[in-house]
Structures are given as structure tokens and as C-alpha cells.
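A.B. asks: Quick one, what's the 3D model for this:
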Amino acid sequence: MALTEEIKQQIQQGYRDVLAGKDIRARYGQRLMIAEIARYMGEITDNDGQRTSPPATCVVEAGTGTGKTLAYLIAAIPVAKALGKTLVISTATVALQDQIVLKDLPDLKKHSKMDFSWTLAKGRGRYLCMSRLEARLHDEGNGDSDTMPLFLLDSPSGDEPGTRAFFEEMLASYGSRKWDGDRDHWPEQIPDDVWRQVTTDHRQCTNRHCSYFDSCAFFDARKDLDDADIVVANHDLVLADLALGGGAILPEPENALFIFDEAHHLPDKALNHFAASVPLNATRQWLKQLSQALVKMQPFLAPGTQAVKTLDKISTAARDVDQMLTRVYEEAEQNTGWEFNEERRTAQWRYPEGELPEQLAELAGEARIATAGLVRHLGSLADELQAAFDDRKEHDIDRDTAEAWYPVIGSFHSRSEEQLRLWAAWCDQAGSGSQEKQGDEEQGAPAPKPKSPPPARWAVRQRWDHAEDITLYSSPVLADNLLYSRLWSRAYGAVLTSATLTALGRFDRLRSRAGLPEASKYLVVPSSFRYGEMATVEVPAMKAMPTDDAFTDALVERLPGLWAGEKATLVLFTSRRQMQQVRDALAPEYPDLILTQDDMAKGEVLRQHCSRVDEGRPSVLFGVASFAEGIDLPGKYLHHVVITRLPFSVPDDPIEASLAEWVTQRGGNPFMEITVPDASVKLVQAVGRLLRTEQDTGRVTILDRRIIARRYGQLLLDALPPFRRIIEH
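C.D. replies: Residues are numbered from 1 along each chain as shown. Now for the predicted structure:
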């Protein structure tokens, strides 16, 4: 489809209308971004709605102050509508998702003549399940009830304060429509263990057969999905949908134009999504719960029926799995070179090149066969329970029994599938790359890139006061083939944008980690900030290097002088422990000045910081990685960012170590190819906290002298925005 004059007109008119309506001026970078995205989408050639041009993405790095959300919405909406495709906007954070749905889209609709509809898509696990909430309250009311088995799965300890009152409040709020059942819209944060009791997943949900189907929060939220022009999702949901084959929750990739905002998170999110783990002893405990559930279920089933036979098969399979786990545990415990970190009470062992010792590999193969049997029989029982919802047929299981037990068996089935994923990954000899490749060539999809590194495989042993466990892990090392075969080769089109997509001024890191197609287009949008006038980057003299033992003492000595006379300072650490040591040393001398990220919930820490500044009192924030990227403190709320040390990743991460090993084997230098580019991205993000609007000013201080003393330091310094530099020698 070429970009027709009519579509160009719609885009230009939409932009003019918004500028006039909001009384803002056009930004050069924003215009450039609109033109680039519209051109890219116009160049996708198609035949009857199917893309015929080779896969390609459009990658746009646009810094703070570009107005990138408005840019991609104005460019993409008219094109997507003309093509008859759904525009899927995916973010990494709930905060940005809410901002687009509640602010940016309504704003655009109000100020432009564009006609479009939108909806928010979140996974089932973000919504209340009324059936589980009711069962939770019923369970509490009955004390030791035999009839309601739902909370064999995850009952909280009975002495948890306010539990019943909390769930009753939840029920009242949902019933009176004060709350829409979305976890993110509940006024306080709901702890994971509490939320798990009142939500569900696709394996436990009875769909239309549920008596609450007509008032279901999840299905209510889903109603608009098929008709909306724009679906606002998040990276996790897009990846979950792709893992189910695409088109299960969201529109099929072939019928969607994707925009990935905060796109730098996508490769890591993909790795998390396709990783697997099994805690051996915890899984044996879980098998005990399964046995208890089967015993409780037996009286509800008529003797001699198929369901009872399946129950027996599950019991036998569970015993087989339990025996296998015992053997795997003994092997891993006795024949691994564990070295305990006494402080954390953990030991980690990575299998070089993903190669398992022969005995362990053999046991993993047997565990896979045993677990596959358990998965199969649990699946059969779930199917039999589901069939009982069909009132048109005679069935061995009555409907009440099916309603009570389907979510329980579904949950066990889902958990056993997760375990099977680990064993399958541990038995895959070929490594992650080739497996994807083979599957997609069979479907006639374009073959992915060269083979990826073998998967990372590792084990972690943990000790507690009265127990210990060994957890086995597997993860792809790069998400390139996964993303290429499941997303880029299938999507009608995709735009990736973020303030930090380049590393050391190049897109190579993103290209290789995200597996971007050869024909992709890349653009760095020039910033509207006058960096040289707005801020300085300073490297003062220091008594110690970060690699020296004396560095913490040097920070304690240096920091008070740096925040003196400043109203709002952010000090970023790469280690929580060092942050706490510095705080403990300085807090007594500076009462009511330092707030650390760990003092309370993130939102509350920021609120207290801002209110101090509003009252004219100085405030110093101490934070680690998540404060280096995810906070927005414009104007007077932040005037000075202090970076204590360069953000090199910790060397004990097994995925990073596996990647480094692979790069070394291919004759590369992992420090220059992985560690330095990764640190560059993190450093740019940290520095990006300082200037949030064109009116902001301030300074960045870097206390790690390696940035001027080492050869790679110059690369890191040159990748920062062009601040005025002040370097003490």
C-alpha cells in the first residue's frame, strides 16, 4: 500500500488540529518521527491484506521531550484504519499503559477530527474471579469445609489479620461497581499471595459455564477487543499470546500493526517468558497437595466411572514423578561443586555450554517422561470435568462437582505443564535456536537467523532454618530467534520506540538481541533539549576507585559536599548493600534528609520527596536500578543526579555468563561486546532522570573515575547527551 494523498492529509490535519487544540508548538523531532512511521507503514506491500514485502521493523529512538506517544498515534491510526488492521500498542509498564488509555488517546480524540475506538487488554491474572472470591469467603465461613476444595491450592495462614474483611470489602466494591475488578485499579497494592486466591488462569476458568460469566471482570474488559481500532496491551501479554500461537488473546500478528513503546525491555521480557524452572522439594510438597486433593475428590465421583480410573492414573503418575524428583535431588546434591554464599545461604551452579553431566541428563529424560504422563492424565480429567458442563448430554459427573473441581484440577494441570517445560528444555540437545527454526520452516515461515547460543542451564541450592531446596533452571540466552520466528516474520508491521535503543551510539545491540529483520529501518530523532546550556556532567577527584575496598568510605566522605546547597538530589547505587552502608553511615548526621528506595513503596517515597521540596526543605533520594529508569521528577524536584559507579551487570548472572561464554568461543570479547554496551544503555537511562522538560536544568556527577581512566570510559562518556563537561584531574 502506498501512502495515499488522502492518508497524508489526514495525518497532517490531525497534527495541526492537536497543536492548535492544545496550544503547543510543533517539534522538529516529533514531525520527523511522524513522517518516518507513516512512510514505513506505507511501504509495506500487500496482497488482499496479506503482507508480501519481506519482514521489516521501524526502530525510532526518541528522547524525553519528543512527544513520541502523540507522534506514533497520529502517524499510525490513519494508516492502520486504511489497511483494516488493528493497531496494537504495547508498553513495558502499567503506568504508561494507563497514561495512553486515560490521557493520550482521549486527548487525541478530543483535539483532532480522527475517528477511532480503543480498549485496554490485560491478562486474565490481572482481574478478579468472582467464582474464586465467593469460594474464598464460603471457605472461611465454613471452617474446615469438605465441599469447597478451591483453597487446597493456596490457603493463607489462618491468623492473617483482616483477611475475611478484606475479601468482603472487595466483594462490596465490585458489586456496587465502585471497582472494576482490575488489580491495578484497587486503591492499595494487593500482595501476590492474597491476589492469587481471587484470580484465575485459562486452565482454571470455566468460561461461559461459570455462573458469574455475565458479570465477569475479565470478559467485560474483553468485550471491546474484537471491535476496537486500537488495543493497548503490554509486552508480557503480547508474548503470552505469541506463546499460545498468536491470536488467542490479541488479534493475530498478521492482522496487526504493532507499536512497542519502551521497546528496550522487549528482549529481556521475551527471555523471562520462555524460561522455565522446577524447585525439586517444593514440587514434591505440591505433589502431596495433589494426592490430598484426589482423596477429597474421590467421594464425589461414582465408582467404576472413567473419571475414577483417570484419578487412579493421576495417583500412579504423581508417585512416579515424586520418585524421579528424589533421584534428581540426590544426584544434584551429591555431584555438584556447590560453593555456598553464607550471607545469602545460597549456592549457584551453571552448566558450561548448557551441557548436563551424563547421569543428570539421563535422569532429566526420565523425569520428562514421568511428568508428561502426569500432564496427560490431569488434562484428561480436566476434559471430563469440562464435558459435564454440557447439559445436553448424560454424564458420569454432576455439574456441581464439575464446577467445584474444574478450577482445582485446571490449576494442577497448569503447574504440571510448567514443570514439563523445564524437563523438555533440559532434554533439548540441539539448543534453543534450532528448535524454533525447524518448527517454523515446517509452517513455511521465513527461516530465522543463524543459530543462537545453546540455552543457559543452571541450578540454585537454598538453605532455610528448617529446610533446603534445589531449583533447576533453563532459559534461552538470546531472544532473537524466538522474536523473529513468532513476531517479526508474522506481524503485518511493527514499530519499536524508546528513549534508549542505541548502545554506544549504535543499534547493533538491539538488532542482535531482538532478532530484528535485515530490512528494518532505524532513526535517532534529534532532541529538542539544548543540553550544553541546560546541564553539566562532572567527574570530581576521588580517593578510591569502585574496585577498591575503601570506595564505600570515599562515598561517605564525598556525598555531603555534593548535595550541600542543593534542594533535590538523586544518588544512584548499583548495589543495595552499598546503598544501605552509606545510608547507615550518613543518616545520623543528616536526620530527615535521606530517603532510600527501600523505606516504603516507591510511590510513597517519591511523594515524600516532592512534599519536602514543596515545603522548601532539601531532600536526597537514594536508589538502585529501578530508580535509574522508572522515575519522573521534573523541574524543582530533581536538580542533581549522582552516579556512584558505572552500572556494569553482576558477573554471576547465568544468562549473561552463558552469552559471554558463547561470544568468547566465537573469538569475540564479551566485555566490549556485551558488558560495555549494556552499561552504556543503563548509564544513559540514569542520566535521563535529570532533564524531563525543556525548562529543566541541573548537573550530573559521576563518582566512578573509570569513566576517564579506562579506554572504554571514553565510549561511555561520548554516548551521553552532549552536556558541558567538567572533569577534575
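A.B. asks: Tally up the residues packed near the residue nearest to S575 when sequence neighbours are not counted, please.
C.D. replies: The spatially closest residue to S575, leaving aside those adjacent along the chain, is V624, at 7.4 Å (CB to CB, 6 or more residues apart in numbering). From N, CA and C alone the C-beta is placed, and that goes for glycine too. Counted with other CB atoms under 10 Å, the neighbours of V624 add up to 18.
A.B. asks: Check A494 too.
C.D. replies: For A494, the number of neighbouring residues by other CB under 10 Å comes to 27.
A.B. asks: who are the neighbours in contact with the residue nearest to the spatial centre of the chain?
C.D. replies: The centroid of the chain falls nearest to K269 when counting by CA atoms, centre = their mean (4.7 Å). Shown in contact with K269 (CB atoms under 8 Å, 6 or more residues apart in numbering): 92, 235-236, 239.
A.B. asks: Assumed it was part of a helix.
C.D. replies: Yes. Assessed by DSSP: H, G, I helix; E, B strand; the rest coil, K269 belongs to a helix.
A.B. asks: Let me know the distance separating it from I89.
C.D. replies: 15 Å (CB to CB, to the nearest Å).
A.B. asks: Got phi/psi on G698?
C.D. replies: Note on G698: backbone dihedrals following degrees, to the nearest 10 are phi 160, psi -160.
A.B. asks: Specify the beta-bridge partners of it.
C.D. replies: A535 (DSSP bridges).
A.B. asks: Could you give the average pLDDT over stretch 670-680?
C.D. replies: The average of the pLDDT scores along stretch 670-680 is 93.
A.B. asks: Over to stretch 60-70?
C.D. replies: 91.
A.B. asks: can you give me how far that stretch is from the chain middle?
C.D. replies: 22 Å (CA atoms, centre = their mean, to the nearest Å).
A.B. asks: just the helices in the stretch 351-500 of the chain please.
C.D. replies: Per DSSP state H, counting those that start in this stretch, the stretch 351-500 of the chain carries helices over the ranges 358-387, 399-427, 432-442, 480-483.
A.B. asks: what's the closest of the ones you listed to R645?
C.D. replies: Judged by CB to CB, the one of the helices of the stretch 351-500 of the chain that comes nearest to R645 is helix 480-483, at 30.1 Å.
A.B. asks: how near is the closest residue to E589 other than its chain neighbours to K103?
C.D. replies: In space, and not counting its chain neighbours, E589 is closest to P560: 7.6 Å by CB to CB, 6+ apart. Distance of P560 to K103, computed by CB to CB: 40 Å.
A.B. asks: Likewise for V663?
C.D. replies: To K103, V663 is 43 Å away according to CB to CB.
A.B. asks: again with Q97
C.D. replies: According to CB to CB, Q97 stands 11 Å off from K103.
A.B. asks: who's more crowded, those two?
C.D. replies: A side-by-side neighbour count of Q97 and K103, using other CB under 10 Å, places Q97 first with 23 against 11.
A.B. asks: Could I get the contacting residues of the more buried one?
C.D. replies: 91, 120, 232-234.
A.B. asks: just checking, A275 touches P476?
C.D. replies: Yes. Assessed by CB atoms under 8 Å, A275 is found in contact with P476 at 7.5 Å.
A.B. asks: Neighbour count for the two, which is higher?
C.D. replies: Set side by side, A275 and P476 show more neighbours around P476, with 26 against 17, by other CB under 10 Å.
A.B. asks: Quick check, that one in contact with F274.
C.D. replies: Yes. Look at P476 against F274 with CB under 8 Å: they come within range, at 5.4 Å.
A.B. asks: For T326, grab the count of nearby residues.
C.D. replies: 13.
A.B. asks: Can you show me the strands along the stretch 451-600 of the chain?
C.D. replies: In the stretch 451-600 of the chain, the strands defined using DSSP state E, counting those that start in this stretch lie at 456-463, 468-475, 493-498, 521-525, 535-539, 568-572, 594-596.
A.B. asks: Out of those strands, flag the one nearest T45.
C.D. replies: Across the strands of the stretch 451-600 of the chain, T45 has its closest neighbour in strand 493-498 (11.1 Å, CB to CB).
A.B. asks: Taking strand 521-525 as reference, get the angle to that closest one.
C.D. replies: Calculated by axes from the mean of the first three to the mean of the last three CA atoms, to 10 degrees, strand 493-498 forms an angle of 30 degrees with strand 521-525.
A.B. asks: quick one: average confidence on strand 493-498?
C.D. replies: Across strand 493-498, pLDDT averages out at 96.
A.B. asks: how far out from the middle of the chain is stretch 81-88?
C.D. replies: Worked out by CA atoms, centre = their mean, stretch 81-88 lies 26 Å from the chain centre.
A.B. asks: If you could redo that for stretch 237-244, that was the one I meant.
C.D. replies: 12 Å.
A.B. asks: try stretch 92-107
C.D. replies: Put simply, stretch 92-107 sits 17 Å off its chain's centre (CA atoms, centre = their mean).
A.B. asks: I'd like to check which residues are in contact with K543.
C.D. replies: So K543 contacts 550, 554, 557 (CB under 8 Å, 6+ apart).
A.B. asks: Now with 10 Å, please.
C.D. replies: K543 is in contact with 550-551, 553-555, 557-558, counting by CB atoms under 10 Å, 6 or more residues apart in numbering.
A.B. asks: and P540, what are its phi and psi?
C.D. replies: phi -80, psi 170.
A.B. asks: Skip the chain neighbours and tell me the closest residue to it.
C.D. replies: Nearest non-adjacent residue to P540, counting by CB to CB, 6+ apart: E728, 5.0 Å away.
A.B. asks: where in the stretch 351-500 of the chain is pLDDT low?
C.D. replies: 430-451 (pLDDT under 70).
A.B. asks: can you check the chain too?
C.D. replies: For the chain, applying pLDDT under 70 flags the ranges 1-2, 139-162, 430-451.
A.B. asks: Spell out which residues make up each domain of it.
C.D. replies: The record's domain split for the chain, according to automatic domain parsing, is 5-121+225-272+481-525, 128-211, 277-432, 531-727.
A.B. asks: how much space between the residue nearest to Q695 when sequence neighbours are not counted and A568?
C.D. replies: Once flanking residues are discounted, Q695 sits nearest to G635: 6.8 Å by CB to CB, 6+ apart. From G635 across to A568, the span is 9 Å (CB to CB).
A.B. asks: How about L225?
C.D. replies: Distance from L225 to A568, by CB to CB: 43 Å.
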